[in-house]
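Undergrad: Here you go, sequence then predicted model.
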Amino acid sequence: MNKSLTLTLFAATALAAGTAALAQDRDTPGPAPRGDLTRADIEQRTTAMFGRMDLNKDGLLNDADRAAARREAFDRVDTDKNGSISFAEFDARRDDHREARAERRGSGRDGHRFGDRGHGFGGHGLARTADADKDGTVTQAEFTTAALARFDQADANSDGTISLEERREARQHMRGNMHRGWRDAS
């Protein structure tokens, strides 16, 4: 499998795994979702996320982890465990996602945290850039280095903390980059 396809598969898997991990891990030490984020917070969260994504615990995010994550995702949707996903199972998954979003909104959260959608410190944006040596695997060091590089970009005043306003600005910048990328690709 070529590296581009491998990284694309990793990106999709990381997005799913990262979003699910963040959704499940609301007790991660650190600031409240709307509070400031420090470099130490990001290092701690990145280490925890890497641990959840490294399903075979070999210290690397690679094809084996991607296959295991895809299998877990498939198994969550295949509720009758017959090896195929019916339209009803597929539709139920959508309804479950909708209910989860409504529950987050009802709990005072708007359903968006910096990184929830995989574009911040975990997920396909980070996964795509984390493989520094382009060997198709991501080490803990590469993962953390990429997360801290994103942190540094978002920390506009270089005070070691990302404020809510800096997160908003970073998100707007990221959206602009994504839209430019979509236009350039077409």
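TA: Cool, the structure landed.

Undergrad: make it CA atoms for all contacts and neighbour counts henceforth
TA: Fine.

Undergrad: Give me the below-cutoff pLDDT ranges for the protein.
TA: Where the chain drops to pLDDT under 70, the residues are 1-34, 107-128, 181-186.

Undergrad: what ranges do the helices span in it?
TA: Secondary structure of the chain by DSSP state H: the helices cover 3-24, 39-53, 63-77, 87-106, 124-130, 140-154, 164-185.

Undergrad: which one of those is the most hemmed in?
TA: Of all the helices of the chain, helix 124-130 carries the top mean neighbour count, a mean of 23, counting by mean count of other Cα atoms under 10 Å.

Undergrad: And for T137, the neighbour number?
TA: When neighbours are defined as other Cα atoms under 10 Å, T137 has 21 of them.

Undergrad: my guess is it meets N62, correct?
TA: Yes: with contact defined as Cα atoms under 8 Å, T137 counts as touching N62 (4.7 Å).

Undergrad: Mind listing the shared neighbours of these two?
TA: Taking Cα atoms under 8 Å, 6 or more residues apart in numbering as the criterion, T137 and N62 do not both touch any residue.

Undergrad: what's near enough to touch the spatially closest residue to T145 that is not a sequence neighbour?
TA: Spatially, and ignoring its direct neighbours in sequence, T145 is nearest to A130 (7.4 Å; Cα to Cα, 6 or more residues apart in numbering). When contacts are counted by Cα under 8 Å, 6+ apart, A130 is found next to 138, 142-143, 145-147.

Undergrad: with these in mind, which one is nearest to M49?
TA: Distance to M49, by Cα to Cα, is smallest for F143 among the contacts of A130, at 9.6 Å.

Undergrad: Quick check: closest non-adjacent residue to that closest one.
TA: A130 (5.3 Å).

Undergrad: Against E142, how distant is the one you found?
TA: Here the criterion is Cα to Cα, to the nearest Å. By it, A130 lies 5 Å from E142.

Undergrad: ok, now which ones touch the residue nearest to S86 when sequence neighbours are not counted?
TA: Excluding its sequence neighbours, the residue lying closest to S86 (Cα to Cα, 6+ apart) is D78, at 7.8 Å. Residues in contact with D78, defined by Cα under 8 Å, 6+ apart, are 84-86, 89.
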